[in-house]
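**Student:** task: produce atomic coordinates for the following.
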Amino acid sequence: MTPRNGLDSLLRPEDSVLVLIDHQPYQLTNVNSHEPQMVVNNAAALAKAAKAFGVPTILTSVIADRGGRIFPPITDVFPGQEVIDRTFINTWEDEKVVDAVKATGRKQLIIAGLWTEICVAMPTIQALGEGWDVTVVTDASGGTSVEAHEVAIQRMIMAGANMMTWLSVAAEWQRDWARTEHAAELSEVLVQHAAGSGIAFLWEQQLLNTPVPRDAG
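**Tutor:** So this is what the prediction gives:
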């Protein structure tokens, strides 16, 4: 397996395409690797970060009439966008999804979904075998148990996949705070979804805007 290292291995928004898979009510009810609300939060944060950086995002569900629609915190980020509904468990066997990814012209394929051991692992392993550079966002995904999630991650690493969390993905897309084009949008995502970091940022803004008393010191 070729080691993933060097500057070119880092994610670039202009080369990235995001696929969010099966963030649906049925799957969420049996997510036991993470606190379910955290998965919803992280998936929504990832979606918002992708939109902020202009990263094309494909939304896909499986038999939504029975499993439920993609979570509104995700679909609200992309109003009016088609959600590709499948019958294939393995997303990468669905030609509509693959064609949508290929149409972007991007080669850094980023995947998150429910469940990690099935709906994330299958397309990841197949896409790797077809030459794609695949990153899995582990904290915007979830498995039916901690063991299922962790074993799936090990399996995908052995197949050559890159593992990251949503905040590290956003940081690699930003790369340099001197790049101000998307910094304000990213900061808003942090405020909404990054818990302590977001609150600390708001506090920092408060302190910067608080006059110092004349008799201080």
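
**Student:** number of nearby residues for K107?
**Tutor:** 13 (other C-beta atoms under 10 Å). C-beta here means a position set from N, CA and C on the backbone, and glycine is covered the same way.

**Student:** ok, now E95?
**Tutor:** E95, neighbours per other C-beta under 10 Å, totals 10.

**Student:** D99 too?
**Tutor:** Residues near D99, counting by other C-beta under 10 Å, number 11.

**Student:** which other residues reach the helix or strand containing it?
**Tutor:** Assigned by DSSP states H and E, D99 falls within helix 95-103. Residues outside helix 95-103 that contact it (C-beta atoms under 8 Å, 6 or more residues apart in numbering) are 17, 19, 58, 60, 84, 86, 91-92, 109.

**Student:** hmm, 7 Å instead?
**Tutor:** 17, 19, 58, 60, 84, 91-92, 109 (C-beta atoms under 7 Å, 6 or more residues apart in numbering).

**Student:** quick one, the helix or strand that comes right after that helix and helix 95-103 angle?
**Tutor:** Using DSSP H and E, the next helix or strand after helix 95-103 towards the C-terminus is strand 108-113. Interaxial angle, strand 108-113 versus helix 95-103 (axes from the mean of the first three to the mean of the last three C-alpha atoms, to 10 degrees): 140 degrees.

**Student:** which SSE is immediately downstream of strand 108-113?
**Tutor:** As assigned by DSSP H and E, the chain's next helix or strand after strand 108-113 is helix 121-129.

**Student:** can you pull the buried residues of that following helix?
**Tutor:** Residues 121-128 are the ones in helix 121-129 that count as buried (16 or more other C-beta atoms under 10 Å).

**Student:** list the buried residues of the next helix or strand after that helix.
**Tutor:** Scanning forward in sequence from helix 121-129 by DSSP H and E, the next helix or strand is strand 133-137. Using 16+ other C-beta under 10 Å as the test for burial, strand 133-137 gives 133-137.

**Student:** want to throw those residues into CSV with distance to Q27 and pLDDT?
**Tutor:** CSV is the format used below for the buried residues of strand 133-137 (distance: C-beta to C-beta, whole Å; pLDDT from 0 to 100):
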residue, distance to Q27, pLDDT
D133, 26, 96
V134, 20, 97
T135, 21, 98
V136, 16, 98
V137, 16, 98
